[in-house]
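Asks: Build me a model from this:
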Amino acid sequence: MAESQSTDEQLPGLPDNAFVKEDPSPDQLFYAAPRFVAHIDGNAIEAVTALYRDVLPAGGVILDLMSSWISHLPADVAYGEVIGHGMNAMELKANPRLNRFFVQNLNENQVLPLEDHSVDAAMICVSIQYLQKPVAVLRDLLRVLKPDSSVSITFSNRCFPTKAVAVWQALRDEDHAKLVTLYLEHAGFAQVETRTLVEPGQKGVDPLWAVIGRTA
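Replies: Here you go, the predicted structure:
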């Protein structure tokens, strides 16, 4: 039976069980074994990389939030530092683009171990659906981002269904961008932009969307 949990700050229009998960066990157990697999297809990965080339500043400090063994960063772009976060240390250790990393369950602790205004840009790739307190996480991310910076949140129609929150599961693919926009607006991001990176409806091809939140 799923746990009872109120919404993240009672976001408007969402029911009280919006952030309940089918599997209420600690996330540490689910992610204990490393998964050295790609969670989207090659076409979607190329689209993520193209987005990063466009929005992530070369030479900057980049935060790869909810990362794994691969970051999809452009191979020919050098960054000042890439900081990784995730739930499995073995995956993060295997990621060649990370200069350092930390393991933290954001559903239990939403405060990032980073200084105020210390990051030039951040990204969350195909993982936003697992956050049970997304506004709290994004608000703290806003704290660590520098002025005139951004977070790029990408997502497809794939997920681990037992760990995705109920509201994500209930919405249609085309409505997920509206939900992520709601998260970012309530977290305090000044501007929010939605992009369709890979059009849905193509047979055998993963669709991909991005929602980009920019600081003031």
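
Asks: Have a look at this structure and report its longest strand.
Replies: Taking DSSP state E as the criterion, the chain has its longest strand at strand 145-155.

Asks: Buried residues, the next helix or strand after that strand. List them.
Replies: Sequence order places helix 166-170 as the next helix or strand after strand 145-155, per DSSP states H and E. The neighbour-count check on helix 166-170 (16 or more other Cβ atoms under 10 Å) flags 166-168 as buried. Every residue, glycine included, has its C-beta placed from N, CA and C.

Asks: Report the strands that pair with the longest strand of the chain, each with its relative direction.
Replies: Strand 145-155 has the following strand partners under DSSP bridges: strand 119-125 (parallel), strand 208-214 (antiparallel).

Asks: just how off-centre is it within its chain?
Replies: 11 Å (Cα atoms, centre = their mean, to the nearest Å).

Asks: before we move on, what about stretch 57-71?
Replies: In terms of Cα atoms, centre = their mean, the centre of stretch 57-71 is set 11 Å apart from its chain centre.

Asks: Could you give the separation between the terminal residues of it?
Replies: 15 Å (Cα to Cα, to the nearest Å).

Asks: which stretches of this structure form strands?
Replies: 61-65, 81-86, 100-103, 119-125, 145-155, 191-198, 208-214.

Asks: so can I have a markdown table of the ones you listed showing mean pLDDT?
Replies: Output for these, formatted as a markdown table (pLDDT from 0 to 100):
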| stretch | mean pLDDT |
| --- | --- |
| strand 61-65 | 98 |
| strand 81-86 | 98 |
| strand 100-103 | 98 |
| strand 119-125 | 98 |
| strand 145-155 | 98 |
| strand 191-198 | 98 |
| strand 208-214 | 98 |
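
Asks: Including distance to residue 132 and mean neighbour count, could those go into CSV?
Replies: Shown next, in CSV, are the strands of the chain (distance: least, Cβ to Cβ, whole Å; neighbours: other Cβ atoms under 10 Å):
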stretch, distance to residue 132, mean neighbour count
strand 61-65, 15, 24
strand 81-86, 16, 21
strand 100-103, 18, 14
strand 119-125, 14, 24
strand 145-155, 16, 21
strand 191-198, 21, 16
strand 208-214, 18, 23
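
Asks: Those strands into JSON lines, with extra columns for distance to residue 94?
Replies: Formatted as JSON lines, the strands of the chain follow (distance: least, Cβ to Cβ, whole Å):
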{"stretch": "strand 61-65", "distance to residue 94": "13"}
{"stretch": "strand 81-86", "distance to residue 94": "11"}
{"stretch": "strand 100-103", "distance to residue 94": "11"}
{"stretch": "strand 119-125", "distance to residue 94": "16"}
{"stretch": "strand 145-155", "distance to residue 94": "21"}
{"stretch": "strand 191-198", "distance to residue 94": "26"}
{"stretch": "strand 208-214", "distance to residue 94": "24"}
